[in-house]
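> Here you go, sequence then predicted model.
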Amino acid sequence: MSQSALRTITAAARSGRSRIYRPAIPVLAVAALLAGCANRDSITVGAVPDDYRTNHPIVIAEKNLKIDLPVGAGDRGMTGSQRDTLLGFLDGYDKSAAPTLTISIPSGSANEIAATAAGRDFARLAIASGISRNRIVITTYQSVSAEASAPIRVAYVSVKAQTDRCGRWPEDLLQTSENKHYADFGCSYQNNLAAQMANPTDLLGPRKQTPIDAERRDVVIDGYQNAPFYSPIPATEVDY
């Protein structure tokens, strides 16, 4: 290094100014980097429709419950098996809501006479099970064939918890690279849960607690306090 250059560097150091410059990062680039770090978690899981409860929601809606009871052309009124089946079907009838119970009898079929007699017996059984007489409607429908026997249809509308039908496979599971649930995932579980709801309004909110049974509570507490004390069995030494 020449003497003139050495003197220049020494003079700059004495004056507090440096001749060595470093490249500066633009202010806008720094702000963009910070903004990207701040928003990297802005997408929440709830915004992604990949939950079986979102894909197959349980809704409360009216559902037409119906049952077809076959009637033979030679029957003379309601049979024992028809009686048991109909009583099981009417167990789901809500007497407080009292929906209309419809009994549809076939007309123009081979079993028209037998079905008419059985339909009257169905109405009597429904009244005996607690359904109001003015909520029972007996109608007829035209049979498809005059040579075949047609069933009697018993139906009423009820409020049920339900979801969509299962079995949707719009995509091949082997042809997707996304780490998401397939379309039918959780559908059977949601349907089973909806079918187990005896009171669909339980999904909307809890019901009011019923009053306690004071007598039963006293019996339980008395049995707990006066239960005999059992001492543990003393351990014995076993020689092998």
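Structure's in. What do you need?
> switch to C-alpha atoms for all contacts and neighbour counts from now on
Noted.
> Count the residues that sit near residue 227.
9 (other Cα atoms under 10 Å).
> can you pull the contacts of it?
Counting by Cα atoms under 8 Å, 6 or more residues apart in numbering, residue 227 makes contact with nothing.
> residue ranges of the helices in the protein, please?
3-14, 27-38, 52-55, 80-90, 112-128, 187-195, 214-225 (DSSP state H).
> Lowest mean pLDDT across those helices, which one is that?
When the helices of the chain are compared on average pLDDT, helix 27-38 comes out lowest at a mean of 50.
> quick one, what contacts the residue nearest to residue 154 when sequence neighbours are not counted?
Spatial nearest neighbour of residue 154, chain neighbours left out: residue 103 (4.6 Å); criterion: Cα to Cα, 6 or more residues apart in numbering. Residue 103 sits next to 119, 122-123, 136-139, 152-155 when contact means Cα under 8 Å, 6+ apart.
> Tell me which of these fall in strands.
Using DSSP state E, 136-139, 152-155 are the members of the contacts of residue 103 that sit in strands.
> hang on, residue 160 packs against residue 63?
Yes. Contact criterion Cα atoms under 8 Å: residue 160 and residue 63 qualify, at 6.2 Å.
> Who has more neighbours out of these two?
A direct count of neighbours by other Cα under 10 Å for residue 160 and residue 63 places residue 160 higher, at 21 against 13.
> Among the ones in strands among the contacts of residue 103, pick out the one closest to residue 115, please.
Nearest to residue 115 out of the ones in strands among the contacts of residue 103 is residue 152 (Cα to Cα; 6.8 Å).
> Which pLDDT value does the model give that closest one?
The predicted local confidence for residue 152 is 97.
> Many thanks, I have nothing further to ask.
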